[in-house]
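1. All I have is the shape, not the residue letters:
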Ligand code: HSE
């Protein structure tokens, strides 16, 4: 039986991974072992063989006993153990949610509904590192992979509306606390006058009472047009990933330009994106919709009308589901080759956990295990 080690399975992405693996009965026929960096010797989840105790996530010998390691522990951990494991001649498969190895030449970014051929060809070449993509890029590609695969995209801009979950569990909790503070403030001095309520809100948003330890500034009732580190030429790292990862995932060379502005908004776990796509040629709208709908089994083309859009194309509608709706599809006034669209996806599912569990499935078929 394939011995699969899980690290970081208790964190937010790890918990969603565990939940999805249980729902899909992925543990059947596996020999799963669970590692910890803080509770070694504690009780492992019920799926655990091997005594049911948590093993030490820093124990390279124990890690190296696994055929496959799946890490949701974060980039720092990857940096600490991956190199030494390989130096110690570990030849197992490394599946990781963190970005640390994503752009390495020895690693493939996994999003199999979109790049199954890239993954299959890497397995055939004995590549041993399979890394989940940036959530924004993965969700965008789940929506528009059809157009990329058809070779129709000349360039694309992505204007994002990213959920708190992308920044981690503590940020989600802080967002909810901020919402609580703001609503409390309006309850203290109830008013039906919108300008008075607005004054109470802005006072609270700017007050030192508002919890901002995580975000540094208010997110509730506001937004933050900056995600991740500063990069050269005015981009942020999150924006830089758009082009780098899209082209690596799709295996496109020469690369298609992808760029935009990444913005954190006060939603919980769904990232949304407004897209402007410049096509290489004028394609009728009905054909574009058909190509998009054929991209994979999870993308849903939403008719460009108010009723369908407001019902189906929102974080509230999509949260907790594997559907990736894309709507508002129409030709832009810039010309017949310019298409506007809007897409929403669950950041913790297709944006994080789902590609990992599916990679394990692909690996099991590949190894016949
Ligand atoms: N970096 C993303 C975000 C999340 O901050 O929303 C994961 O790719």
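-> Received, thanks. This is a predicted model, so every value here is computed, not measured.

2. Mind telling me what element the residue in the stretch 201-350 of the chain that the ligand sits nearest to is part of?
-> Taking CB to the nearest ligand atom, the ligand has its nearest neighbour within the stretch 201-350 of the chain at residue 227, 5.0 Å off. All C-beta spots, glycine's among them, are computed from the backbone N, C-alpha and C. Assigned by DSSP states H and E, residue 227 falls within no helix or strand.

3. Distance-wise, check it relative to residue 186.
-> From residue 227 across to residue 186, the span is 29 Å (CB to CB, to the nearest Å).

4. Give the buried residues for stretch 74-90.
-> Buried residues in stretch 74-90, defined by neighbour count with 16 or more other CB atoms under 10 Å: 74, 77-78, 80-82, 85-86, 90.

5. Any idea how far it is from the middle of the chain?
-> Mean-position distance between stretch 74-90 and its chain equals 23 Å (CA atoms, centre = their mean, to the nearest Å).

6. Make 32 the starting number, not 1.
-> Sure thing, new numbering starts at 32, so read that last one as stretch 105-121.

7. Residue 384 belongs to a helix?
-> Yes - assessed with DSSP: H, G, I helix; E, B strand; the rest coil, residue 384 lies in a helix.

8. pLDDT value on it, please?
-> Looking at residue 384, its pLDDT is 98.

9. Same question for the one 10 residues further on.
-> Turning to residue 394, the model gives it a pLDDT of 98.

10. Then the one 5 residues further on?
-> On pLDDT, residue 399 comes in at 90.

11. On the three-state scheme, residue 390 is what?
-> Going by three-state DSSP: residue 390 is helix.

12. Tell me who's in contact with it.
-> 126, 141, 143, 150, 161 (CB atoms under 8 Å, 6 or more residues apart in numbering).

13. Can you tell me how far it is from residue 90?
-> 24 Å.

14. Tell me which residues touch residue 373, please.
-> 303-306, 340, 344, 357-359.

15. hmm, 10 Å instead?
-> By CB atoms under 10 Å, 6 or more residues apart in numbering, residue 373 lies in contact with 174, 190, 192, 303-306, 333, 335, 340, 344-345, 356-360.

16. Can you flag the buried ones in the residues you listed?
-> 174, 192, 303-306, 333, 335, 340, 344-345, 356-360.

17. Out of these, just show me the ones up against the ligand, please.
-> Contacts with the ligand are made by none of the buried ones among the contacts of residue 373, judged by CB under 6 Å from any ligand atom.

18. Which pair of those residues spans the longest distance?
-> Spatial extent of the buried ones among the contacts of residue 373 (CB to CB) is set by the pair 192 and 335 at 18.4 Å.

19. The ligand contacts on the stretch 82-231 of the chain?
-> 165-167, 193, 197-198.

20. For PyMOL, what selects the buried ones among these?
-> Buried members of these, defined by 16+ other CB under 10 Å, are picked up in PyMOL with:
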select buried, resi 165+166+167+193+197+198
